[in-house]
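# starting from these lines, generate the structure:
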Amino acid sequence: MELIPFDPPFYAKNAHFQTVATHLMQKLPGYVPRIVGLVHETAVVPTLDGNGDKLVLHVHRFHDHDQPAVLLVHGLEGSADSLYMIKTAEKLLNAGFHVVRMNLRSCGAGRTLANTVYNCGLTIDLEAALEFMRRHVSRAIALVGFSLGSNLTVKFMGEDRSERDRQVIAKGGRPLRTRIKDRIAEVFCAISIPLDVYASCEFLDSDNCKLYREAFMKDFRKKIENGKFGPNVPDASELDTITNWFEIDHLYTAPSAGFKGAVEYYTACSSKNFIPTITSPGLLLHSRDDPLIDPRTWEETQWQRYPHLTAELTEHGGHLGWFAHKHPYFSDRRWMDYRILHYLLEWKDSRKIKVKRVSR
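Okay, here's the model as predicted:
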């Protein structure tokens, strides 16, 4: 099936319009499906660090035939119910994929089931979700991450066990000290990727992103007030003097993740560091005009060295936007969902062996 390239309307080439438009369209009657999928179950999965935290997964699976499964991972302060998660799940389910929508630690339906928080490098939670899927949903799995979730996705596909053990220790658990035998996910899609988290933080802290930054800080305040970042951080009153995201990460996120400060946290967790060690095929989709993410790292990466990776940079699209002309394949104008589905259908069609689901 030939790929239809992204083509925005002439009035929709502004980066902020692209970023906001697809989200505002959820207000339209019938735009968001009232019932997602044929079967919707909720799974509560313990985290691998053994500290008592739990993850909440929304599982959509078919019982009458075998199909590959897709794990969807949301972005900063999103949840399994974020619009892009719902709409992507809808397209995948209509194409016959099982779908699991993940709430990162302390997010969405799982916000009261975890005493600690997610961060842009906490891939052990992806491993827990993927292991659950392999046991209970399908042995053929694809991983799809959006924004911060895409950083987690790329990092997960390229890191080693020592990095996962570091995360476990930071959360108060015992290291697993075993080799990573496989990545569980056969393929992946990473959408709107902050390859260099430090550079992207500088973008988020610019005047151009003030509205986005204030929205994220409002959500973070609730987690800080609830003590999700542990005892060794300032209390929520400190937020009254904080005006940028770097200080949020430096004072709260980095210490809770086991780092001395924001610079160490950004350096260790930026997904650009893990691209050279990825061996699985993947789609990496980004827009040059993304208002939240610095494009320079993308342009500096020598993608030709990784022929198994499909790296696509569009001129327009904003952040998780890609608002397009209407087309029969994406009548809701969401080209991003179409691109993900197109890539995963190619993977599905290329598999030689019929999927066999694990008995429950």
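# residues near Gly173, how many?
Residues lying near Gly173 (other C-beta atoms under 10 Å) number 17. To be clear about C-beta, it is placed using only N, CA and C from the backbone, and glycine gets the same treatment.
# what pLDDT is listed against it?
The confidence metric pLDDT takes the value 87 at Gly173.
# for it, give its distance to Arg183.
Relative to Arg183, Gly173 is positioned 21 Å away (criterion: C-beta to C-beta, to the nearest Å).
# and the residue nearest the centre of the chain, how far from Lys218?
For the chain, the residue nearest the mean C-alpha position is Gly149 (1.9 Å; C-alpha atoms, centre = their mean). Computed as C-beta to C-beta, the Gly149 to Lys218 distance reads 20 Å.
# for the closest residue to the residue nearest to the centre of the chain other than its chain neighbours, give its distance to Lys223.
The shortest distance from Gly149 to any non-neighbouring residue, by C-beta to C-beta, 6 or more residues apart in numbering, is to Val73 (3.5 Å). Noted for Val73: a distance of 18 Å to Lys223, by C-beta to C-beta.
# between those two, which is the more surrounded one?
More crowded of Val73 and Lys223, by other C-beta under 10 Å: Val73, with 31 against 21.
# what comes up buried for stretch 249-262?
For stretch 249-262, the neighbour count (16 or more other C-beta atoms under 10 Å) marks Asp249, His250, Leu251, Tyr252, Thr253, Ala254, Pro255, Ser256, Ala257, Gly258, Phe259, Ala262 as buried.
# for the stretch 201-350 of the chain, which segments count as strands?
282-287, 309-314 (DSSP state E, counting those that start in this stretch).
# wait, which of the ones you listed is closest to Asn208?
Closest to Asn208 of the strands of the stretch 201-350 of the chain is strand 282-287 (C-beta to C-beta; 14.9 Å).
# the closest one: partners in the sheet, and parallel or antiparallel?
Sheet pairing for strand 282-287, assigned by DSSP bridges, gives strand 185-191 (parallel), strand 309-314 (parallel).
# please tell me how far it is from the chain's geometric centre.
Relative to its chain's centre, strand 282-287 lies at 12 Å (C-alpha atoms, centre = their mean, to the nearest Å).
# thinking again about what came up before, just send the buried residues of stretch 249-262 back as TSV, with distance to Ala142 too.
Formatted as TSV, these follow (distance: C-beta to C-beta, whole Å):
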residue	distance to Ala142
Asp249	30
His250	35
Leu251	36
Tyr252	33
Thr253	28
Ala254	31
Pro255	34
Ser256	30
Ala257	27
Gly258	30
Phe259	30
Ala262	32
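# now the helices for this structure?
Along the chain, the stretches classed as helices by DSSP state H are 15-24, 83-94, 124-136, 148-158, 161-170, 197-204, 210-225, 245-248, 254-256, 262-269, 296-300, 335-350.
# still on that earlier bit, which of the strands paired with strand 282-287 sits most buried?
Of all those, strand 185-191 has the most neighbours on average by mean count of other C-beta atoms under 10 Å, namely a mean of 25.
# just the angle between that one and helix 124-136, please?
Orientation check (axes from the mean of the first three to the mean of the last three C-alpha atoms, to 10 degrees): strand 185-191 against helix 124-136 gives 130 degrees.
# OK, contacts around Tyr343?
Counting by C-beta atoms under 8 Å, 6 or more residues apart in numbering, Tyr343 makes contact with Val187, Cys189, Leu283, Thr310.
# before we move on, what about Leu83?
By C-beta under 8 Å, 6+ apart, Leu83 lies in contact with Thr22, His23, Gln26, Val32.
# let's go with 7 Å and repeat that
Contact analysis of Leu83 by C-beta atoms under 7 Å, 6 or more residues apart in numbering lists His23, Gln26, Val32.
# and the residues you listed, which are buried?
Buried among the contacts of Leu83 by 16+ other C-beta under 10 Å: Val32.
# and of the contacts of Leu83, the nearest to Gly227?
Among those, and counting by C-beta to C-beta, the member closest to Gly227 is His23, at 30.2 Å.
# where's the closest one relative to His308, distance?
In terms of C-beta to C-beta, His23 sits 32 Å off from His308.
# next one, pLDDT for the closest residue to Asp294 other than its chain neighbours please.
Once flanking residues are discounted, Asp294 sits nearest to Ala199: 3.8 Å by C-beta to C-beta, 6+ apart. What the model reports as pLDDT for Ala199 is 95.
# pretty sure Ala199 is touching Trp298, no?
No. Using C-beta atoms under 7 Å, Ala199 is not in contact with Trp298; the gap is 10.3 Å.
# just to revisit the earlier point, dump the residue contacts of the residue nearest to the centre of the chain.
Counting by C-beta under 7 Å, 6+ apart, Gly149 has contacts Val73, His74, Gly75.
# okay, and for this structure, where does confidence drop off?
By pLDDT under 70, the low-scoring segments of the chain are 34-39, 64-65, 177, 352-360.
# number of nearby residues for the nearest residue to Gly52 once chain neighbours are set aside?
Computed as C-beta to C-beta, 6+ apart, the closest residue to Gly52 that is not its neighbour in sequence is Asn115, at 6.8 Å. Asn115 has 17 neighbouring residues, counting by other C-beta under 10 Å.
# same question, Thr116
Thr116: 23 surrounding residues under other C-beta under 10 Å.
# who's in contact with it?
Thr116 neighbours (C-beta under 7 Å, 6+ apart): Asn51, Asp53, Arg105, Ser106, Lys171, Lys228, Gly230, Ser256.
# wait, which of those is closest to Asp81?
Within the contacts of Thr116, the smallest distance to Asp81 is 14.7 Å, found for Ser106 (C-beta to C-beta).
# contacts only, for the closest one.
With C-beta under 7 Å, 6+ apart, Ser106 has these contacts: Ala114, Thr116, Val117, Tyr118, Lys223, Lys228.
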